[in-house]
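In: Here you go, sequence then predicted model.
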Amino acid sequence: MSSFPPIADYAFLADCENNCLVAPDGSVEWLCLPRPDSPSVFGSVLDRSAGSFRFGPANTRVPHQRRYVPGTMVMETTWHTSTGWLVVYDLMVIRGVESGDHRPGFRRAPPDAAAAGVLLRVATCISGKVDLVAECVPAFDYGLDVPIWSYPEEDCWTAVSRPTDGGDPVLSLHGSLRLGIATVRCYGRTTLSEGQSSFVALSWRGQAPADLEQAQSDLAFTVSYWRDWLATGTFPDHPWREYIERSALTLKGLSYAPTGAIMAAATTSLPETRGGARNWDYRYTWIRDTAFTLRALYRLGFDWEALEYYAFVLEAVTEGRPDRPFDLQIMYGIGGERELTERTLDHLSGYDGARPVRVGNGAWDQHQNDVWGMLLDALYANRGHGGAAQFARSVWEGVAQLVETALQRSGEPDHGIWEMRGAPLHFTASAVLCWVAADRGARLARERGDTERAVRWQESADELKEEILAKGVDERGRFRQAYENDELDASLLLIPLLGFLPEHDVRVKTTVLAIADELTEDGLVFRYEVETADTGLEGSEGTFTICSWWLVSALALIGELERSRALCKKLLSFAGPLHLYAEEIEPSTGDHLGNFPQAFTHLALIDAVSHLIEAETGASSTPIEVQEAGPGEAYR
């Protein structure tokens, strides 16, 4: 039996500057400081010796119930022990901001409430008596640096730990338990009777609550913050609303407030294959996610988050200089970093033995032709009420450069949307995304009154569409993965979602149904045919959850509402116990695989569930209206 909890069983806590994962037994097993892409302080999700922080009953490891406080990122765990009942609240504290001081590294507008730099844990006995313990064992630098604790004052309410080189981050553990030190371990123990409470707070930048009253105040403020934020969104009055709300909260939790970035996931190297080598670092921002992120945020009414994310993307591609040419790559660090050199951490065992553990991502400098289309679609989605006419001249010239580059590179092979590490191919989806770049560019040019470019780009889009329809469709009338083969690929589901062809087109229907019938196991969708695809890696992988959500959307668009609804219900049933999703699902067990929680999966859930609800109620759900058009005519 594995000593690692199932991936889907972790709770995800966040304050929009940092995040952590909490195991069912009450142990924090993943926390990176000072940024969420920094080395871990608690890393036992990747090696049981790489640090953890437990707070809970002394002799009980299996909780009675776990849930988020509704509408929040605050975790509530109920414990039933042999002597009583205990409720524990875990949260990353958010406090009101009174100062107007600028914090280093912040480029977005100062908020009214922000991360306090404190992980707070509050326990209350609600019946009987419960022995409560706290055990904090940090291991800095991904478990390589195990420090020693010390008392900064004469009392035993606070203990401090720092890296052995004396640098940052400095951890301070404070609470209402008397704390003891056993070299690398800081611990406390007390007995609570009915109605009594206790707390511990781990701080790295902010001030821990001084006493239980302040801890309760921090808890109440943080609950109100998340509920107030959620109340600014627009959600359907539907039984599936709670899944959309949890996805929205997860995306907010994966955001990085100083820059507006949104990470692809909170973790690195949670495996896509049990015990396998498909282990990647997802603590970065992918341009591919941009259009989907903006559409999801706008769909739900979170315009401010969309604006700040859009600002981050523009800063990243211009290196903070809008007067410079756009320099586009497939991913960036959450601070806009461009070089994300990959290395392995060979001292770590990996989650349940899956090695190697990687930090950085070697795909950062890959050639992927989809990025221009994804960014142009994002720009089109974020053009605002004033349209492209409001773009600054330098920004518009950067947009034009992206369109021109997409057209120049559209005929070249690439590594595809799945970042395959085998030989480059002429992937059909990559060509479609180059068409998206030209199509959206032409639309923007028309809005801006740049007639010459509008006509030229539309003509190029029409020519590229003709090529795709000639080379990207097989003899059976369905789209193929690449011009060089006749295989299916889940990225082809983007064809109707991005408006390349109308949903009633027979080639669209044939492709969507073929993927539903042939590229699935128990209804769940694989990215590609793993046995024959040249990925540059060995081994299998689970079904890719975002692809299954794309299929829900595509089935709804082509009118297959019963199949769409059935698949949607199945996917919702596969959600983790806290309604969170990793990257993949193993069909035979329902277990989640890959990094967690996965932003792209939650983005696709929002889009798919919304598509299905709109289709069932008769509302329009097609992101881009498509009309049959002749050469030089705009697709509107």
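Out: Thanks, I have the structure now.

In: Residue 227 and residue 238, how far apart?
Out: 19 Å (C-beta to C-beta, to the nearest Å). Quick note: C-beta positions are derived from backbone N, CA and C, even for glycine.

In: And residue 8, by the same measure?
Out: Taken as C-beta to C-beta, the span from residue 8 to residue 238 is 23 Å.

In: Please identify which of those two sits among more neighbours.
Out: Neighbour count, other C-beta atoms under 10 Å: between residue 8 and residue 238, residue 8 has more, with 21 against 15.

In: Please identify the nearest residue in space to the more buried one, excluding sequence neighbours.
Out: Among residues not flanking residue 8 along the chain, residue 576 sits closest, at 3.2 Å (C-beta to C-beta, 6 or more residues apart in numbering).

In: Walking through the stretch 201-350 of the chain, point out its strands one by one.
Out: If DSSP state E, counting those that start in this stretch is used as the criterion, the strands of the stretch 201-350 of the chain fall at 255-256, 261-262, 285-286, 331-332, 343-344.

In: Just list what the strand of greatest length in the chain packs against, helices and strands only.
Out: Taking DSSP state E as the criterion, the chain has its longest strand at strand 113-137. Helices and strands touching strand 113-137, by 3 or more C-beta pairs under 8 Å, 6 or more residues apart in numbering; DSSP states H and E, are strand 52-57, strand 84-96, strand 171-175, strand 185-193, strand 197-203, helix 212-231.

In: buried set for the longest one?
Out: To tie it back to what came earlier, the one meant is helix 212-231. 212, 215, 216, 218, 219, 222, 223, 225, 226, 229, 230 (16 or more other C-beta atoms under 10 Å).

In: isn't residue 332 right next to residue 318, touching?
Out: No: using C-beta atoms under 8 Å, residue 332 makes no contact with residue 318, being 11.5 Å away.

In: Tell me which of those two has more neighbours.
Out: Comparing residue 332 with residue 318 by other C-beta under 10 Å, the one with more neighbours is residue 332, at 24 against 19.

In: Setting aside sequence neighbours, what's the nearest residue to the more buried one?
Out: With sequence-adjacent residues excluded and distances taken as C-beta to C-beta, 6+ apart, residue 332 is closest to residue 316, at 4.4 Å.

In: Looking at that neighbour now. What's its pLDDT?
Out: Predicted confidence (pLDDT) for residue 316: 90.

In: now swap in residue 539 and tell me
Out: According to the prediction, residue 539 has pLDDT 58.

In: Any regions of this structure where pLDDT drops low?
Out: Residues of the chain that meet the criterion pLDDT under 70 lie in 384-387, 421, 533-540, 619-636.

In: Off-centre distance for stretch 42-54?
Out: Centroid separation for stretch 42-54 versus its chain: 22 Å, with C-alpha atoms, centre = their mean, to the nearest Å.

In: If we go by neighbour counts, what in that stretch is buried?
Out: Neighbour-count burial for stretch 42-54, counted by 16+ other C-beta under 10 Å, picks out 42, 43, 44, 45, 46, 47, 50, 51, 52, 53, 54.

In: ok, now stretch 291-305?
Out: Going by 16+ other C-beta under 10 Å, stretch 291-305 has these buried residues: 291, 292, 293, 294, 295, 296, 297, 299, 300, 302, 305.

In: And for stretch 457-464?
Out: 457, 458, 460, 461, 462, 464.

In: Throw those into a markdown table and include distance to residue 167, thanks.
Out: Formatted as a markdown table, the buried residues of stretch 457-464 follow (distance: C-beta to C-beta, whole Å):
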| residue | distance to residue 167 |
| --- | --- |
| 457 | 52 |
| 458 | 56 |
| 460 | 53 |
| 461 | 53 |
| 462 | 58 |
| 464 | 53 |
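
In: just checking, which of those residues belong to strands?
Out: Using DSSP E to define strands, no part of the buried residues of stretch 457-464 is located there.

In: Quick one: neighbours of residue 601, just the number.
Out: As a burial measure, residue 601 scores 29 neighbours (other C-beta under 10 Å).

In: Run through the neighbouring helices and strands of the host helix or strand of it.
Out: If you go by DSSP states H and E, residue 601 is part of helix 599-617. Here helix 599-617 touches helix 241-253, helix 288-300, helix 545-557, helix 561-573, going by 3+ C-beta pairs under 8 Å, 6+ apart.
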